[in-house]
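**Student:** sequence? don't have it. structure:
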């Protein structure tokens, strides 16, 4: 198993199955194409860790943790790049932003979800064309609702 330098956990071994290829990178980080999914011991959050840059990691979570009916509206071209026909064939994750001084004000990005095709380990950050999907949705408010 490859060993990886990580932001949240230091050096760890990661299964090849947990390493995903982002052919276009992530918005704002297009030069980084390989990411590993790292799980916390408990809780809903996971880490999307760059394989090539230890300091680059995103906190992600599955949308159903905070919303029962979230479904991104995605262009067919974006699905084709993952070699799928429908969003339902992918695992969907949301990028979480946690302000350092106010963790209770953490937000989830509904507009830019990450779709993963686990069968071929391809992933892509897409833009949901649903106008109600905002970039910063307060997670604590959704959990309380």
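**Tutor:** Perfect, thanks for sending it. Please read these numbers as outputs of a predicted model, since none were measured by experiment.
**Student:** so where do the helices sit in this protein?
**Tutor:** 76-81, 139-144 (DSSP state H).
**Student:** Run the chain-centre distance for the first one.
**Tutor:** By that I understand helix 76-81. Mean-position distance between helix 76-81 and its chain equals 17 Å (Cα atoms, centre = their mean, to the nearest Å).
**Student:** Indicate which one of the helices of the chain is closest to residue 98.
**Tutor:** helix 139-144 (9.0 Å; Cβ to Cβ). Glycine gets a C-beta too; all of them are placed from N, C-alpha and C.
**Student:** elements contacting the closest one?
**Tutor:** strand 107-108 (3 or more Cβ pairs under 8 Å, 6 or more residues apart in numbering; DSSP states H and E).
**Student:** Show me what the strand it packs on pairs with in its sheet, parallel or antiparallel.
**Tutor:** Counting by DSSP bridges, the strands paired with strand 107-108 are strand 91-97 (antiparallel), strand 137-138 (antiparallel).
**Student:** Just name the most buried of those strands.
**Tutor:** strand 91-97 (a mean of 19; mean count of other Cβ atoms under 10 Å).
**Student:** what sits up against it?
**Tutor:** Residues outside strand 91-97 that contact it (Cβ atoms under 8 Å, 6 or more residues apart in numbering): 45-46, 48, 58-63, 66, 70, 72, 106-110, 112-116, 118, 125, 136, 139.
**Student:** Of those residues, which qualify as buried by neighbour count?
**Tutor:** Neighbour counting by 16 or more other Cβ atoms under 10 Å classes 45-46, 48, 58-61, 63, 66, 70, 72, 106-110, 112-116, 125, 139 among the contacts of strand 91-97 as buried.
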